[in-house]
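A.B. asks: Got a predicted structure here, sequence first:
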Amino acid sequence: MSIIPLSLPRQPNPPLRVAPLAYALSHMEPELRELILPGESWDEMLARREAAADILDDLLAEAGEEFAGAVSV
């Protein structure tokens with residue numbers, strides 16, 4: 001009897017689907033992805049990041065619908 005657990009056969013990871021993320025990032029304004037803009041206040045930065053998150057979410061949903069028919073398993 002051993003306290004070392006037996007390793008299970010490793011399952012291959014499914015391939016990552018990066019097309020929706022690439023689609024979303026290519027359709028976003030570059031300023032939305034910046035960490036901080038010159039002369040931007042803390043509150044402005046937080047508002048911009050919140051807007052960017054909402055836009056990214058919408059674009060990912062749009063990309064998911066667009067690529068849904070193109071997915072083959």
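C.D. replies: Received, thanks.

A.B. asks: Please, where are all the helices along the protein?
C.D. replies: Assigned by DSSP state H, the chain shows helices spanning 19-26, 30-33, 42-68.

A.B. asks: of all these, which gets the most neighbours per residue?
C.D. replies: Highest mean neighbour count among those (mean count of other Cβ atoms under 10 Å): helix 19-26, with a mean of 15. The C-beta positions use only the backbone N, C-alpha and C, and glycine is treated the same way.

A.B. asks: Any regions of the protein where pLDDT drops low?
C.D. replies: Across the chain, the ranges flagged by pLDDT under 70 are 1-2, 70-73.

A.B. asks: and Asp54, what is it in contact with?
C.D. replies: Counting by Cβ atoms under 8 Å, 6 or more residues apart in numbering, Asp54 touches no other residue.

A.B. asks: Tell me the spacing between it and Arg48.
C.D. replies: Separation of Asp54 from Arg48 (Cβ to Cβ, to the nearest Å): 11 Å.

A.B. asks: next one: Gln11
C.D. replies: Counting by Cβ to Cβ, the gap from Gln11 to Arg48 is 41 Å.

A.B. asks: okay, how far is it across stretch 14-33, tip to tip?
C.D. replies: One end of stretch 14-33 to the other measures 28 Å (Cα to Cα, to the nearest Å).
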